[in-house]
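Peer 1: Requesting a structural model of the entry that follows:
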Amino acid sequence: MSRKQSEGLTIIMLLFCLSLTQGVTTLPSKAVTQPQFIHDYGNWTYISKPGLPVKINAGNISIGNNHTYICNLKAGAKYHIYFYGDWVDYDPLTNKTDYDIFVYDPTGREVSMHTESAGLPEHLGTTVYDPFFIPETSGNYSFVIRNDDKESRGAKAGTFMIIEHLECNRWYEIFISRKPGEEPFEDAYWAYEFATSSERIEVLVEVPDPPEAYLDMYEAQLYLMANPSQGVGTMLNGMPLPWELGLYGEMHDSGIYGGYRLDAEGFRHVNASASCEYYGQDMLIDYVLPSAAAGTGNETSSDANRLFLYHLALIAENGEGVIRFMFKTDFTPPSLSIENPIESAYSDQEVDVTAHAYDGESGLKSVLLNYTTTDWENWTAVEMSLSENDTYVAKIPMQSPGSTVKYRVTASDMAGNMVQQENSYVVKSKTDMSIALSKTVLDSGESIGVNGWISHGSVTVTLDYTWQNTHFLRTVLADSDGHFTDEFTPDKAGTWTVTAKWSGNQECFPGSSNTVKFTVEKVSTSVTCSVNKATMVTGETVDVTGYVLPAERNMKVILRFTKPDGTTIERETYTSSDGSYELIAFKPGVVGRWQVQATVSEDEAHQSSSSSKVNFVVNETWLNQYKLYIIGAAVAAIIVVSIVILLSRKKEEIEEEE
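Peer 2: Okay, the predicted model is just below:
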């Protein structure tokens, strides 16, 4: 079997293995010099590594013949494989070329066949619906391109390309090497593609520092290869295909697209390249899509076509090492909030920290909890676990009383953006308190005893006695075991409550006890009433006296006097310490039968009571009693005197006449 391409193509590069594991691409340090395959499909070309276009000139694969292209692929990696060019023809009136493609794995097993109609490009993904091919096993894969002798009417030119496709906003690693004075070999350069709709891209390349490695990078070069929305390149299975001439170093008339190369010669986009000046210098390409490529936003193509396809070339200049790189298109940090943050915790309590974190672009990489009790002199890091609905949880273990715990939740996305939220809480010992009463019902004037306990000894406890929203505060000192007592005499009847409270200290939280109730019942009373005379004449006064039991000073007594006509008069007086009261020199104003009754009014501590009614009579004076008789006698006397005088004068007149 010939080891040269029958149509003039040669083996392009030495065998090289490429692996991609968890976002890290790892390359072997040595290349295999001979291709390994177990079947013979005629003329063949060995492609030693992905990233190099293979030009198939017109007539290279004549009707009825085939050519095999062999490339070493790594299991699980994602490859964009396509065959297109002049032979793709949608014109129904032309003679079309019909290339069919058969794919074989390293064991020679056929993994797929692609036999589209003449002039139509083959879909070389894992399935005909996938834009990318993902090998199941590592090794040499064979791609047999056959010019169908039944359907084909030509042997037009095309380009066969295998290139590894990487995702944006992920870190990748590759080993890269170039020895001084040697021509570049396969370890010295690598190429990848990625697609994005973002108009801004950062390519970050981290070069290891000495003495870890001595590596000086020649260049990182970014190439815009397709923009189907502007008519540059085309779409196949939802993924752009490059402008074909740009794969061979040619520049588009716009000066924006193409120029792809993997050596030091050729076109360089000044604003899309970066280089090292010394060992270990990192590189950054901050690329903004030119307005001519971005368009106006009113293109007739569908939004799905507005994908920009890029190639990245990485070329070493001197030394060797593992570099890390990323295509960053996500510049927005994740959203983050701490759910229901606490301000305090008990010293025997683990604290659950819950955060809501979300990143709708590159996706979350990690949500990390850091906490400290030394104001960040040192701290502990905990990876938070995804619970559900973008909720992440972690625990902070029990801390010593008196500690202040500061914690910080950091959410990072795959693109390296991060956001932080901070909070803190104090840690103290819990305070337990309880109280009990000596009794729950007492009479007014009696005292009640309170017995209590607090979990911290030798502290001052406040007892809050409450009656109808009025608070009576008393303080007591707990002994070393936490026991305390108090005796309190309520001055008001009704329902009372009492609660013990403590304000806390540096190491202990404030506490309060259970609230207990007790009732103070009003004292029943009795009152007597008496007058110092049962009868009197108008103008005289009467004294009213009596006693109230139980004997207390300043109890108000109301004396209600009832007049002969039924109307009343009230007078107030107050008791002395022996319970006696008096109303001296009450002067009735009306003649007749009077009544007086003493009443003790209900107050906050006493029930009301009334005495029996006491009668007394007010009479007229002697003069008032016989006034009519005296007047009648006086009138009669006047009449008699007048008659006597008149008769005497009459007699004198008669005698004078005689």
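
Peer 1: Now do the same contact list for the residue nearest to residue 115 when sequence neighbours are not counted.
Peer 2: Among residues not flanking residue 115 along the chain, residue 100 sits closest, at 4.5 Å (CB to CB, 6 or more residues apart in numbering). From N, CA and C alone the C-beta is placed, and that goes for glycine too. Each residue near residue 100 by CB atoms under 8 Å, 6 or more residues apart in numbering is listed here: 113-116, 122, 145-146, 148.

Peer 1: Would you quantify the distance from residue 100 to residue 153?
Peer 2: Per CB to CB, to the nearest Å, residue 100 is found 14 Å from residue 153.

Peer 1: in the stretch 151-300 of the chain, which ranges drop under the pLDDT threshold?
Peer 2: For the stretch 151-300 of the chain, the stretches flagged by pLDDT under 70 are 182-184, 296-300.

Peer 1: so where do the helices sit in it?
Peer 2: Ranges of helices in the stretch 151-300 of the chain, per DSSP state H, counting those that start in this stretch, are 291-294.

Peer 1: try the chain
Peer 2: For the chain, the helices defined by DSSP state H occupy 291-294, 622-625, 627-657.

Peer 1: With mean neighbour count added, can I get those helices in a markdown table?
Peer 2: Below are those laid out as a markdown table (neighbours: other CB atoms under 10 Å):
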| stretch | mean neighbour count |
| --- | --- |
| helix 291-294 | 13 |
| helix 622-625 | 10 |
| helix 627-657 | 10 |
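
Peer 1: In terms of mean pLDDT, which of these ranks lowest?
Peer 2: Lowest mean pLDDT of these: helix 622-625, a mean of 60.

Peer 1: any idea how far residue 571 is from the nearest residue to residue 574 once chain neighbours are set aside?
Peer 2: Leaving aside its sequence neighbours, residue 574 sits nearest to residue 554 (CB to CB, 6+ apart; 5.1 Å). To residue 571, residue 554 is 16 Å away according to CB to CB.

Peer 1: and the helices of the chain as TSV, adding distance to residue 273?
Peer 2: Shown next, in TSV, are the helices of the chain (distance: least, CB to CB, whole Å):
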stretch	distance to residue 273
helix 291-294	17
helix 622-625	138
helix 627-657	142
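
Peer 1: mind checking the longest strand of the protein?
Peer 2: Looking across the chain with DSSP state E, the single longest strand is strand 308-328.

Peer 1: Can you show me the CA trace of it as PDB?
Peer 2: Taking C-alpha atoms only, strand 308-328 is exported to PDB below (Å, rounded to 0.1, in the frame of the first residue of the first chain):
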ATOM      1  CA  PHE A 308     -19.700  33.900  14.600                       C
ATOM      2  CA  LEU A 309     -17.200  31.100  14.000                       C
ATOM      3  CA  TYR A 310     -13.600  31.700  15.200                       C
ATOM      4  CA  HIS A 311     -10.300  29.800  15.000                       C
ATOM      5  CA  LEU A 312      -7.600  30.200  17.600                       C
ATOM      6  CA  ALA A 313      -4.000  29.400  16.800                       C
ATOM      7  CA  LEU A 314      -1.500  28.900  19.600                       C
ATOM      8  CA  ILE A 315       2.200  28.800  18.600                       C
ATOM      9  CA  ALA A 316       5.200  28.300  20.900                       C
ATOM     10  CA  GLU A 317       8.500  30.100  20.400                       C
ATOM     11  CA  ASN A 318      10.800  28.600  22.900                       C
ATOM     12  CA  GLY A 319      10.600  26.100  25.800                       C
ATOM     13  CA  GLU A 320       7.800  23.900  26.900                       C
ATOM     14  CA  GLY A 321       5.000  23.700  29.400                       C
ATOM     15  CA  VAL A 322       1.200  23.400  30.000                       C
ATOM     16  CA  ILE A 323      -0.800  26.500  29.200                       C
ATOM     17  CA  ARG A 324      -4.400  27.300  30.200                       C
ATOM     18  CA  PHE A 325      -6.700  29.200  27.900                       C
ATOM     19  CA  MET A 326     -10.300  30.300  27.700                       C
ATOM     20  CA  PHE A 327     -12.600  31.900  25.200                       C
ATOM     21  CA  LYS A 328     -14.500  34.300  27.500                       C
END
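
Peer 1: Go ahead and confirm residue 203 touches residue 326.
Peer 2: Yes. Residue 203 is within contact range of residue 326, at 7.4 Å (criterion: CB atoms under 8 Å).

Peer 1: Report the residue spans of the stretch 1-150 of the chain with pLDDT below the cut-off.
Peer 2: Applying pLDDT under 70 to the stretch 1-150 of the chain picks out residues 1-41.

Peer 1: Is there a neighbour count for the residue lying closest to residue 549 once chain neighbours are set aside? I'd like the number.
Peer 2: Using CB to CB, 6+ apart and skipping the chain neighbours, the partner closest in space to residue 549 is residue 526 (4.9 Å). Residue 526 has 14 neighbours, counted by other CB atoms under 10 Å.

Peer 1: Show me what counts as buried in stretch 140-159.
Peer 2: Going by neighbour count (16 or more other CB atoms under 10 Å), the buried part of stretch 140-159 is 140-148, 151-152, 154-159.
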